[in-house]
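Enquirer: dropping a prediction and its sequence here:
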Amino acid sequence: MIIDGKKLSNQLDNSMKAEVAALRESGIEPKLVVIIVGNDPASQIYVRNKHHKAIKLGITSIIERRPQDFTQPELLTLIDQYNRDESVHGILVQLPLPKQIDESAIIRAIAIEKDVDGFSPENVGKLFNNSHDHYPVSCTPKGIMTMLAHYNIDPEGQHAVIVGDSNIVGRPMGALLLNAGATVTYTHILTKDLSSYTRTADILIVATGVAHLIKAADIKPGATVIDVGMDRDENGKLVGDVDYDHAKDVAGAITPVPGGVGPMTITSLMQQTLELAKVANNRTLETVK
(Lines give C-alpha, C1' and ligand atoms only; values in the text may rest on other atoms or scores of the structure.)
Protein backbone atom coordinates (compact mmCIF):
# COMPACT_ATOMS: atom_id res chain seq x y z
CA MET A 1 0.00 0.00 0.00
CA ILE A 2 1.37 3.40 -0.99
CA ILE A 3 0.69 6.05 1.65
CA ASP A 4 -0.10 9.02 -0.57
CA GLY A 5 0.62 12.13 1.49
CA LYS A 6 0.00 14.45 -1.43
CA LYS A 7 -3.50 13.12 -2.04
CA LEU A 8 -4.38 13.26 1.66
CA SER A 9 -2.95 16.76 1.93
CA ASN A 10 -5.21 17.94 -0.90
CA GLN A 11 -8.25 16.40 0.79
CA LEU A 12 -7.47 18.09 4.09
CA ASP A 13 -6.74 21.38 2.36
CA ASN A 14 -10.21 21.38 0.83
CA SER A 15 -11.89 20.92 4.19
CA MET A 16 -9.66 23.53 5.82
CA LYS A 17 -10.40 26.04 3.08
CA ALA A 18 -14.11 25.74 3.79
CA GLU A 19 -13.55 26.13 7.51
CA VAL A 20 -11.31 29.16 7.12
CA ALA A 21 -14.03 30.79 5.03
CA ALA A 22 -16.58 30.06 7.75
CA LEU A 23 -14.30 31.49 10.42
CA ARG A 24 -13.75 34.64 8.40
CA GLU A 25 -17.51 35.07 8.05
CA SER A 26 -17.77 34.90 11.83
CA GLY A 27 -15.12 37.61 12.21
CA ILE A 28 -12.07 35.41 12.90
CA GLU A 29 -9.10 35.89 10.55
CA PRO A 30 -6.52 33.11 11.06
CA LYS A 31 -3.09 34.72 10.78
CA LEU A 32 0.39 33.21 10.53
CA VAL A 33 3.68 35.11 10.77
CA VAL A 34 6.84 33.52 9.37
CA ILE A 35 10.19 35.17 10.18
CA ILE A 36 13.23 34.29 8.08
CA VAL A 37 16.72 35.61 8.73
CA GLY A 38 19.42 35.32 6.08
CA ASN A 39 19.48 33.83 2.59
CA ASP A 40 19.61 30.06 3.07
CA PRO A 41 18.26 28.70 -0.27
CA ALA A 42 16.36 25.76 1.23
CA SER A 43 14.78 28.01 3.85
CA GLN A 44 13.66 30.43 1.15
CA ILE A 45 11.87 27.58 -0.63
CA TYR A 46 10.23 26.33 2.56
CA VAL A 47 8.98 29.79 3.45
CA ARG A 48 7.63 30.40 -0.03
CA ASN A 49 5.76 27.07 0.01
CA LYS A 50 4.24 27.82 3.40
CA HIS A 51 3.13 31.26 2.24
CA HIS A 52 1.52 29.93 -0.94
CA LYS A 53 -0.33 27.22 0.99
CA ALA A 54 -1.66 29.72 3.52
CA ILE A 55 -2.91 32.05 0.81
CA LYS A 56 -4.56 29.12 -1.00
CA LEU A 57 -6.49 28.25 2.16
CA GLY A 58 -7.45 31.81 2.99
CA ILE A 59 -5.12 32.11 5.98
CA THR A 60 -3.48 35.51 6.28
CA SER A 61 0.26 35.04 5.86
CA ILE A 62 2.91 37.59 6.80
CA ILE A 63 6.56 36.99 5.89
CA GLU A 64 9.15 39.01 7.77
CA ARG A 65 12.48 38.82 5.91
CA ARG A 66 15.61 40.04 7.66
CA PRO A 67 19.26 40.19 6.51
CA GLN A 68 22.03 37.75 7.43
CA ASP A 69 23.53 40.19 9.95
CA PHE A 70 20.26 40.68 11.85
CA THR A 71 21.04 40.52 15.57
CA GLN A 72 19.49 38.41 18.29
CA PRO A 73 18.15 41.42 20.23
CA GLU A 74 16.53 42.70 17.04
CA LEU A 75 14.92 39.33 16.41
CA LEU A 76 13.68 39.08 19.99
CA THR A 77 12.10 42.53 19.64
CA LEU A 78 10.35 41.45 16.44
CA ILE A 79 9.01 38.28 18.09
CA ASP A 80 7.78 40.27 21.08
CA GLN A 81 5.91 42.58 18.70
CA TYR A 82 3.94 39.65 17.31
CA ASN A 83 3.54 38.00 20.72
CA ARG A 84 1.66 41.13 21.75
CA ASP A 85 -0.40 41.35 18.55
CA GLU A 86 -3.73 39.68 19.35
CA SER A 87 -4.60 39.35 15.66
CA VAL A 88 -1.68 36.90 15.15
CA HIS A 89 -2.34 33.24 15.99
CA GLY A 90 0.86 31.52 14.88
CA ILE A 91 4.52 32.60 14.88
CA LEU A 92 7.21 30.58 13.13
CA VAL A 93 10.91 31.42 12.95
CA GLN A 94 12.46 29.51 10.07
CA LEU A 95 15.48 27.43 11.03
CA PRO A 96 18.44 27.36 10.73
CA LEU A 97 19.37 30.81 11.97
CA PRO A 98 22.69 32.63 11.40
CA LYS A 99 25.45 31.72 13.85
CA GLN A 100 25.17 34.97 15.86
CA ILE A 101 21.67 33.95 17.00
CA ASP A 102 20.92 31.36 19.69
CA GLU A 103 18.14 29.19 18.27
CA SER A 104 17.03 27.88 21.66
CA ALA A 105 16.62 31.43 22.99
CA ILE A 106 14.50 32.34 19.98
CA ILE A 107 12.30 29.26 20.33
CA ARG A 108 11.75 30.07 24.01
CA ALA A 109 10.83 33.65 23.15
CA ILE A 110 7.76 32.70 21.11
CA ALA A 111 4.57 32.78 23.17
CA ILE A 112 3.53 29.17 23.82
CA GLU A 113 -0.01 29.87 22.63
CA LYS A 114 1.42 31.02 19.26
CA ASP A 115 4.15 28.37 18.98
CA VAL A 116 2.73 26.89 15.77
CA ASP A 117 5.81 24.68 15.24
CA GLY A 118 5.41 23.06 18.67
CA PHE A 119 9.09 23.56 19.55
CA SER A 120 8.83 25.46 22.85
CA PRO A 121 9.99 23.60 25.98
CA GLU A 122 6.54 24.00 27.52
CA ASN A 123 4.72 22.45 24.57
CA VAL A 124 7.33 19.70 24.22
CA GLY A 125 6.87 18.98 27.93
CA LYS A 126 3.12 18.64 27.46
CA LEU A 127 3.72 16.19 24.62
CA PHE A 128 6.06 14.00 26.63
CA ASN A 129 3.73 14.16 29.63
CA ASN A 130 0.85 13.10 27.36
CA SER A 131 -1.13 16.12 28.51
CA HIS A 132 -4.77 16.19 27.47
CA ASP A 133 -4.76 19.97 27.12
CA HIS A 134 -4.58 21.49 23.66
CA TYR A 135 -1.04 22.26 22.53
CA PRO A 136 0.80 22.34 19.19
CA VAL A 137 3.29 19.62 18.29
CA SER A 138 6.03 19.42 15.68
CA CYS A 139 4.36 19.49 12.28
CA THR A 140 6.09 16.55 10.57
CA PRO A 141 5.25 14.03 13.32
CA LYS A 142 1.73 15.45 13.46
CA GLY A 143 1.36 14.88 9.73
CA ILE A 144 2.65 11.31 10.06
CA MET A 145 0.10 10.52 12.77
CA THR A 146 -2.62 11.93 10.51
CA MET A 147 -1.45 9.66 7.68
CA LEU A 148 -1.42 6.59 9.92
CA ALA A 149 -4.96 7.32 11.08
CA HIS A 150 -6.21 7.94 7.55
CA TYR A 151 -4.80 4.60 6.35
CA ASN A 152 -6.15 2.75 9.41
CA ILE A 153 -2.70 1.93 10.76
CA ASP A 154 -3.19 1.78 14.52
CA PRO A 155 0.02 2.13 16.57
CA GLU A 156 -1.55 0.56 19.66
CA GLY A 157 0.40 -2.55 20.65
CA GLN A 158 2.81 -2.16 17.73
CA HIS A 159 6.59 -1.89 17.92
CA ALA A 160 7.67 1.45 16.46
CA VAL A 161 11.33 2.07 15.69
CA ILE A 162 12.50 5.64 15.13
CA VAL A 163 15.72 6.11 13.15
CA GLY A 164 16.99 9.61 13.99
CA ASP A 165 16.69 11.54 17.25
CA SER A 166 16.25 15.16 16.18
CA ASN A 167 14.09 17.51 18.22
CA ILE A 168 12.06 18.30 15.10
CA VAL A 169 11.12 14.77 14.00
CA GLY A 170 12.58 11.80 15.86
CA ARG A 171 11.99 12.68 19.51
CA PRO A 172 8.43 14.11 19.16
CA MET A 173 7.52 11.29 16.76
CA GLY A 174 8.41 8.72 19.37
CA ALA A 175 6.39 10.57 22.01
CA LEU A 176 3.29 10.70 19.81
CA LEU A 177 3.54 6.99 19.06
CA LEU A 178 4.10 6.18 22.74
CA ASN A 179 1.04 8.26 23.62
CA ALA A 180 -0.89 6.26 21.01
CA GLY A 181 -0.01 2.98 22.70
CA ALA A 182 3.01 1.84 20.72
CA THR A 183 6.19 0.35 22.16
CA VAL A 184 8.89 2.74 20.98
CA THR A 185 12.59 2.21 20.30
CA TYR A 186 14.82 5.17 19.44
CA THR A 187 17.92 4.64 17.28
CA HIS A 188 20.46 7.17 16.08
CA ILE A 189 23.91 7.71 14.63
CA LEU A 190 25.62 5.95 17.57
CA THR A 191 23.37 2.89 17.47
CA LYS A 192 25.31 -0.31 16.81
CA ASP A 193 23.88 -2.87 14.39
CA LEU A 194 21.00 -0.61 13.32
CA SER A 195 19.43 -3.30 11.18
CA SER A 196 18.89 -5.54 14.20
CA TYR A 197 16.44 -2.91 15.47
CA THR A 198 14.78 -1.87 12.21
CA ARG A 199 14.00 -5.50 11.31
CA THR A 200 11.82 -5.76 14.43
CA ALA A 201 9.70 -2.70 13.63
CA ASP A 202 6.00 -2.95 12.85
CA ILE A 203 6.16 0.80 12.19
CA LEU A 204 9.50 2.19 10.99
CA ILE A 205 10.06 5.95 10.90
CA VAL A 206 13.27 7.06 9.19
CA ALA A 207 14.50 10.67 9.50
CA THR A 208 18.28 10.88 9.07
CA GLY A 209 19.08 12.82 5.90
CA VAL A 210 21.16 9.90 4.61
CA ALA A 211 20.05 8.79 1.16
CA HIS A 212 18.95 5.13 0.94
CA LEU A 213 20.23 4.33 4.42
CA ILE A 214 17.51 1.72 4.91
CA LYS A 215 17.52 -1.19 2.46
CA ALA A 216 14.90 -3.86 1.86
CA ALA A 217 16.83 -6.29 4.06
CA ASP A 218 16.52 -3.86 6.98
CA ILE A 219 12.72 -4.01 6.95
CA LYS A 220 10.39 -6.50 8.62
CA PRO A 221 8.06 -8.01 5.98
CA GLY A 222 4.70 -6.26 6.11
CA ALA A 223 5.93 -3.31 8.16
CA THR A 224 4.71 0.24 7.73
CA VAL A 225 7.63 2.39 6.56
CA ILE A 226 7.51 6.18 6.84
CA ASP A 227 10.36 7.95 5.04
CA VAL A 228 10.95 11.51 6.21
CA GLY A 229 14.17 11.97 4.21
CA MET A 230 14.57 14.47 1.39
CA ASP A 231 17.97 13.71 -0.14
CA ARG A 232 19.74 13.83 -3.50
CA ASP A 233 21.40 10.78 -5.00
CA GLU A 234 24.57 10.78 -7.11
CA ASN A 235 22.51 11.82 -10.15
CA GLY A 236 20.80 14.70 -8.36
CA LYS A 237 17.48 12.86 -8.15
CA LEU A 238 15.31 13.54 -5.11
CA VAL A 239 15.22 10.41 -2.96
CA GLY A 240 14.49 9.43 0.61
CA ASP A 241 16.32 7.75 3.46
CA VAL A 242 14.76 4.45 2.37
CA ASP A 243 15.65 2.55 -0.81
CA TYR A 244 12.06 2.82 -2.00
CA ASP A 245 12.32 0.81 -5.23
CA HIS A 246 13.31 -2.33 -3.31
CA ALA A 247 11.69 -1.59 0.06
CA LYS A 248 8.20 -1.35 -1.42
CA ASP A 249 8.34 -5.07 -2.23
CA VAL A 250 8.88 -5.90 1.45
CA ALA A 251 6.86 -3.27 3.32
CA GLY A 252 3.15 -3.60 3.89
CA ALA A 253 2.72 0.17 3.56
CA ILE A 254 5.25 2.83 2.56
CA THR A 255 5.51 6.54 1.83
CA PRO A 256 7.13 7.67 -1.42
CA VAL A 257 9.63 10.51 -1.78
CA PRO A 258 8.48 12.97 -2.98
CA GLY A 259 4.74 12.90 -2.37
CA GLY A 260 4.70 11.29 1.06
CA VAL A 261 5.52 13.09 4.30
CA GLY A 262 6.49 16.45 2.80
CA PRO A 263 3.03 17.70 1.76
CA MET A 264 1.57 16.65 5.09
CA THR A 265 4.12 18.71 7.03
CA ILE A 266 2.90 21.97 5.53
CA THR A 267 -0.74 20.91 5.80
CA SER A 268 -0.16 20.18 9.50
CA LEU A 269 1.31 23.66 9.95
CA MET A 270 -1.86 25.14 8.47
CA GLN A 271 -4.03 22.89 10.64
CA GLN A 272 -2.23 24.09 13.75
CA THR A 273 -2.56 27.74 12.69
CA LEU A 274 -6.28 27.15 12.38
CA GLU A 275 -6.39 25.30 15.70
CA LEU A 276 -4.57 28.11 17.50
CA ALA A 277 -6.94 30.67 15.98
CA LYS A 278 -9.90 28.68 17.24
CA VAL A 279 -8.42 28.25 20.72
CA ALA A 280 -7.69 31.99 20.90
CA ASN A 281 -11.34 32.66 20.10
CA ASN A 282 -12.78 29.92 22.32
CA ARG A 283 -14.04 27.78 19.45
CA THR A 284 -14.18 23.98 19.42
CA LEU A 285 -11.46 22.00 17.67
CA GLU A 286 -13.54 19.08 16.40
CA THR A 287 -13.53 19.94 12.71
CA VAL A 288 -9.78 20.56 12.35
CA LYS A 289 -8.50 17.29 13.77
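Expert: Perfect, thanks for sending it.
Enquirer: what segments of the stretch 51-200 of the chain are helices?
Expert: 72-84, 103-109, 121-128, 139-150, 170-179, 194-198 (DSSP state H, counting those that start in this stretch).
Enquirer: would you format those helices as TSV with mean pLDDT, distance to Ile62 and mean neighbour count included?
Expert: For glycine as for every other residue, the C-beta is placed from the backbone atoms N, C-alpha and C. Compiled in TSV, the helices of the stretch 51-200 of the chain are given as follows (pLDDT from 0 to 100; distance: least, C-beta to C-beta, whole Å; neighbours: other C-beta atoms under 10 Å):
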stretch	mean pLDDT	distance to Ile62	mean neighbour count
helix 72-84	98	8	15
helix 103-109	97	17	16
helix 121-128	97	22	17
helix 139-150	98	18	22
helix 170-179	98	26	22
helix 194-198	98	42	17
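Enquirer: including distance to Thr255, could those go into JSON lines?
Expert: Formatted as JSON lines, those follow (distance: least, C-beta to C-beta, whole Å):
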{"stretch": "helix 72-84", "distance to Thr255": "34"}
{"stretch": "helix 103-109", "distance to Thr255": "28"}
{"stretch": "helix 121-128", "distance to Thr255": "22"}
{"stretch": "helix 139-150", "distance to Thr255": "7"}
{"stretch": "helix 170-179", "distance to Thr255": "13"}
{"stretch": "helix 194-198", "distance to Thr255": "15"}
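Enquirer: among the ones you listed, which comes closest to Met230?
Expert: Closest approach to Met230 among the helices of the stretch 51-200 of the chain is made by helix 139-150 (10.8 Å; C-beta to C-beta).
Enquirer: Pro41: neighbour count?
Expert: 7 (other C-beta atoms under 10 Å).
Enquirer: now it: how far from Leu97?
Expert: Distance, Pro41 to Leu97, by C-beta to C-beta, to the nearest Å: 15 Å.
Enquirer: quick one: which of the helices of the stretch 51-200 of the chain is nearest Ala22?
Expert: Taking the helices of the stretch 51-200 of the chain one by one with C-beta to C-beta, helix 139-150 is closest: 21.1 Å.
Enquirer: which other helices and strands does that closest one contact?
Expert: helix 5-25, helix 170-179, strand 224-227, helix 261-280 (3 or more C-beta pairs under 8 Å, 6 or more residues apart in numbering; DSSP states H and E).
Enquirer: adding distance to Lys50, write these out as TSV.
Expert: Formatted as TSV, the helices and strands packed on helix 139-150 follow (distance: least, C-beta to C-beta, whole Å):
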stretch	distance to Lys50
helix 5-25	13
helix 170-179	19
strand 224-227	21
helix 261-280	6
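Enquirer: if we can go back for a sec, out of the helices of the stretch 51-200 of the chain, which gets nearest to Ala18?
Expert: By C-beta to C-beta (comparing all of the helices of the stretch 51-200 of the chain), the closest turns out to be helix 139-150, at 17.7 Å.
Enquirer: and Val34, that's in a strand?
Expert: Yes: Val34: assigned to a strand according to DSSP: H, G, I helix; E, B strand; the rest coil.
Enquirer: I'd assumed Tyr82 was in contact with it.
Expert: No: using C-beta atoms under 8 Å, Val34 makes no contact with Tyr82, being 10.4 Å away.
Enquirer: what sits against Leu238?
Expert: Contacts for Leu238 (C-beta atoms under 8 Å, 6 or more residues apart in numbering) come out as Met230, Asp231, Arg232, Val257, Pro258.
Enquirer: what's the local residue count around the closest residue to the second one other than its chain neighbours?
Expert: Distance criterion C-beta to C-beta, 6 or more residues apart in numbering; nearest residue to Asp231, sequence neighbours excluded, is Ala211 at 3.7 Å. Ala211 sits with 19 neighbouring residues when counted by other C-beta under 10 Å.
Enquirer: quick check: Ala211 touching Gly229?
Expert: Yes: counting by C-beta under 8 Å, Ala211 does reach Gly229; the two are 7.0 Å apart.
Enquirer: what's the overlap in contacts for the two?
Expert: Common contact partners of Ala211 and Gly229 (C-beta under 8 Å, 6+ apart): Val239, Gly240, Asp241.
Enquirer: contacting residues around the closest residue to the last one other than its chain neighbours?
Expert: Right, the one you point to is Asp241. Distances taken as C-beta to C-beta, 6+ apart place Gly229 nearest to Asp241, at 3.1 Å, with adjacent residues excluded. For Gly229, the contact set (C-beta under 8 Å, 6+ apart) comprises Val206, Ala207, Thr208, Gly209, Val210, Ala211, Leu213, Val239, Gly240, Asp241, Val242, Val257.
Enquirer: perfect, I'm done here.
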